[in-house]
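> Fold the following, please.
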Amino acid sequence: MASLFTSYLLPLVLVANIFNFQTSLSDTRADEALIAGICRQVQDPPFCLNTFRKILAHPYVPEEVTRATIAQSLQNAENNHAFIVAAKAATKDKETKDLYAICDVGYGFMITILKDAAQSLAKKNYVVLENDLSKCPRFVSDCQNALGSKTTPDMLDRSRKQFDLLIMSKAAEALIKK
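Next up, the predicted model:
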């Protein structure tokens, strides 16, 4: 009797495992396609892919990808803001100090807007979310434009990464079914 039960059960278990493997492989392909589509839109695709690998776990759903990219963008903006405040305090040149003040204010606004965007996502208020995310790149541009020739390589790199994180957030938000 046990061998009869085993002879029926074993094939069922095998079929179920194959189905689960194929489904998870299919899900992984869809996840990778979603991320690859987002990363094609940024300046530095390897940075984008590495960031996603660090901050996400499968499955990748647009709401979760958006939440994670907003959180990463906010963390990066806060780090950049601290860098800007320190650079402003360290400079002796009044003109450069004033230029960093523009960046200080801009990044402060961006941090507030990213926090609002995170709340809008949690409340599924996608119109406000989209509006918030569309404002943020301007603050990075304003800072870069203000610093102009006084921009340091470190600040250029920070700005590039911030732009990419904002693009990633915006691209992920656009994938949410509303």
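> any idea how far the residue nearest the centre of the chain lies from K135?
Geometric centre of the chain, nearest residue: T69, 2.2 Å, by CA atoms, centre = their mean. Note on T69: its distance to K135, by CB to CB, to the nearest Å, is 16 Å. Glycine gets a C-beta too; all of them are placed from N, C-alpha and C.
> do the same with Y107
Applying CB to CB to Y107 and K135 gives a distance of 13 Å.
> more crowded one of the two?
Taking other CB atoms under 10 Å, Y107 and K135 do not tie; Y107 has more neighbours (25 against 15).
> which residues does that one contact?
By CB atoms under 8 Å, 6 or more residues apart in numbering, Y107 lies in contact with A77, N80, H81, I84, F139, C143.
> And the third one, how far from D31?
Distance of H81 to D31, computed by CB to CB: 32 Å.
> And for the fourth one?
Noted for I84: a distance of 35 Å to D31, by CB to CB.
> all helices of the protein, in order?
Counting by DSSP state H, one finds helices in the chain at the ranges 2-39, 45-55, 62-90, 94-122, 126-147, 153-174.
> Show me where the protein dips below the pLDDT cut-off.
Applying pLDDT under 70 to the chain flags the ranges 1-27.
> please redo it, this time with the cut-off set to 50
4-26 (pLDDT under 50).
> Number of residues surrounding N50?
12.
> so who does it touch?
So N50 contacts nothing (CB under 8 Å, 6+ apart).
> Equivalent analysis for M155, please.
F83, I84, A87, Q144, L147.
> try 10 Å this time
N80, F83, I84, A87, Y100, C103, C143, Q144, L147 (CB atoms under 10 Å, 6 or more residues apart in numbering).
> May I see the PyMOL selection of the buried members of these?
Buried members of the contacts of M155, defined by 16 or more other CB atoms under 10 Å, are picked up in PyMOL with:
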select buried, resi 80+83+84+87+100+103+143+144+147
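> distance of M155 from Q144?
Taking CB to CB, one finds M155 at 8 Å from Q144.
> one step back: adding distance to T112, write the contacts of M155 out as JSON lines.
Listed next are these as JSON lines, based on distance: CB to CB, whole Å:
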{"residue": "N80", "distance to T112": "14"}
{"residue": "F83", "distance to T112": "18"}
{"residue": "I84", "distance to T112": "15"}
{"residue": "A87", "distance to T112": "21"}
{"residue": "Y100", "distance to T112": "19"}
{"residue": "C103", "distance to T112": "15"}
{"residue": "C143", "distance to T112": "15"}
{"residue": "Q144", "distance to T112": "20"}
{"residue": "L147", "distance to T112": "21"}
